[in-house]
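# Got a predicted model here, sequence first, then my questions.
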Amino acid sequence: MILLGACAAWALVTAAARGGRPEGVLLAVLAVSAGYAAGRICGALLPVVAPGAGALAGLGLAVTAPHTSASSPFVSPLGHTGATAALLVLSAGAACCAAWAARAPGLRFALLLLAVGVAVTAGVLGSISGVVACAGVLLCSAAAARMRRGPGLAGLAVATALMAAATWATAEHALPSGLTDSLEGRLTPHRVLLWHDALGMARAEPLLGAGPGRFGELSPTVAQALPSDDKPHSAPLQLAAEQGLVGAALLVTVFCWVLYVLWRSPRSTPVVLTAGAALTALAAIATVGNALSFTTVTAGAGLLAGMATARPLPDEEGGVGVPDRDTARG
């Protein structure tokens, strides 16, 4: 609550100092908080049913969301494609978590089929990033039974840091020319220019930023592009541009806190690592897209984190007993 409150308070501070519209940040903080609280409650009462129902809900939202004609969200991130990929990866993670929590072999197999179906749906919808992310979650979930919790979560943190560093290096043109050209071909030069504008704003106002929601007003790339959604399509760069380095640091701290509470979770290690892999995949999508601009995605992320850190009641039908903390961390 302290971290999320700090995120909301800093958005208000920067809006008061620089102008802008902090409503989007406040709504995202509220969605994460509500989702996390609901996940803790539902995960304690229904450790199998809750993530299974969440997976179906996320799949339904992704299927019914508006879609663009682009063949890949990495090629054309504008619109709802990033949110679709994010919802699909959260759904796959929730289904795998439910499968690990289920006792009956038949129910576990059905939930795994649901997770595979989510990945297939991503391909049908043309979401290449969704297919790759869902496949990564499935592979991590399959390997989770043989992994230790601490090293696994540390590896996920390193992967997220590398993704963020690669985004910054691409925006700075700090990578070798051949690699930069290849990445720009997939990401589109337009998005790289948006990232470059965001870095320029962060350098100009490193402490307070330009103000929440003001990127579209100040970005030359946005002014030259029609239509445009006024976002740089990178959550860390957007916060750095609009709320300064403090805003970006708060985002990083919240993600590290999620990994920490997963490490301390009483749930089994496969459930924890599966949820961690799904949230890491979401972080990767948000690093190169605008997925966190959608309330359904932020609420879903909080819901999955809450269910993966809930303490299940030992006598609930279809649930699992509360493991010893030392065993759970193993």
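That came through fine.
# Skip the chain neighbours and tell me the closest residue to the most centrally placed residue in the chain.
What sits nearest the mean C-alpha location of the chain, by CA atoms, centre = their mean, is Leu282, with 2.7 Å. What sits nearest to Leu282 in space, not counting adjacent residues and going by CB to CB, 6 or more residues apart in numbering, is Ala86, at 5.3 Å. C-beta coordinates here come from the backbone N, C-alpha and C atoms, glycine included.
# can you give me how far stretch 9-22 is from the chain middle?
In terms of CA atoms, centre = their mean, to the nearest Å, the centre of stretch 9-22 is set 24 Å apart from its chain centre.
# Show me the shaky parts of this structure.
Confidence mapping of the chain against pLDDT under 70 gives the ranges 66-80, 225-229, 314-330.
# In it, spot the helix with the most residues.
helix 235-263 (DSSP state H).
# same for that helix, what does it pack against?
helix 2-18, helix 149-172, helix 189-204, helix 215-218, helix 269-287, helix 295-309 (3 or more CB pairs under 8 Å, 6 or more residues apart in numbering; DSSP states H and E).
# looking at these, which is closest to Ala133?
Taking CB to CB, helix 269-287 is the member of the helices and strands packed on helix 235-263 nearest to Ala133, at 4.0 Å.
# okay, now the closest residue to Thr170 other than its chain neighbours: neighbour count?
Counting by CB to CB, 6+ apart, the nearest residue to Thr170 once its immediate chain neighbours are dropped is Leu183, at 5.3 Å. Other residues within reach of Leu183, judged by other CB atoms under 10 Å, total 18.
# The one 4 residues further on now?
Here the count is done by other CB under 10 Å, and Leu187 has 20 residues near it.
# Give me the phi and psi angles of it.
Per-residue torsions, Leu187: phi -90, psi -20 (degrees, to the nearest 10).
# again with Pro22
Pro22 has phi and psi values of phi -80, psi 0 when expressed as degrees, to the nearest 10.
# Ala11 is in contact with that one, correct?
Yes. Pro22 is within contact range of Ala11, at 4.1 Å (criterion: CB atoms under 8 Å).
# residues shared between the contacts of the two?
Pro212 (CB atoms under 8 Å, 6 or more residues apart in numbering).
# more crowded one of the two?
For Pro22 versus Ala11, the count of surrounding residues by other CB under 10 Å is larger for Ala11: 27 against 22.
# so the more buried one touches Leu239, yeah?
No. Between Ala11 and Leu239 there is no contact under CB under 8 Å: 9.3 Å.
# which neighbours do these two share?
Among the neighbours of Ala11, those also in contact with Leu239 (CB under 8 Å, 6+ apart) are Gly247.
# just to revisit the earlier point, if you compare the helices and strands packed on helix 235-263, which one is most tucked away?
helix 269-287 (a mean of 27; mean count of other CB atoms under 10 Å).
# could I have that helix exported to PDB, CA atoms only?
Only the C-alpha atoms of helix 269-287 are listed here, as PDB (Å, rounded to 0.1, in the frame of the first residue of the first chain):
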ATOM      1  CA  THR A 269       7.000 -23.200  -6.000                       C
ATOM      2  CA  PRO A 270       5.500 -24.200  -9.400                       C
ATOM      3  CA  VAL A 271       2.500 -21.800  -8.800                       C
ATOM      4  CA  VAL A 272       4.900 -19.000  -7.700                       C
ATOM      5  CA  LEU A 273       7.300 -19.400 -10.600                       C
ATOM      6  CA  THR A 274       4.500 -19.700 -13.200                       C
ATOM      7  CA  ALA A 275       2.900 -16.500 -11.900                       C
ATOM      8  CA  GLY A 276       6.300 -14.800 -11.900                       C
ATOM      9  CA  ALA A 277       6.900 -15.900 -15.500                       C
ATOM     10  CA  ALA A 278       3.500 -14.500 -16.600                       C
ATOM     11  CA  LEU A 279       4.100 -11.200 -14.900                       C
ATOM     12  CA  THR A 280       7.600 -11.000 -16.400                       C
ATOM     13  CA  ALA A 281       6.200 -11.600 -19.800                       C
ATOM     14  CA  LEU A 282       3.700  -8.800 -19.200                       C
ATOM     15  CA  ALA A 283       6.600  -6.600 -18.100                       C
ATOM     16  CA  ALA A 284       8.400  -7.400 -21.400                       C
ATOM     17  CA  ILE A 285       5.300  -6.500 -23.400                       C
ATOM     18  CA  ALA A 286       4.800  -3.300 -21.400                       C
ATOM     19  CA  THR A 287       8.400  -2.400 -22.000                       C
END
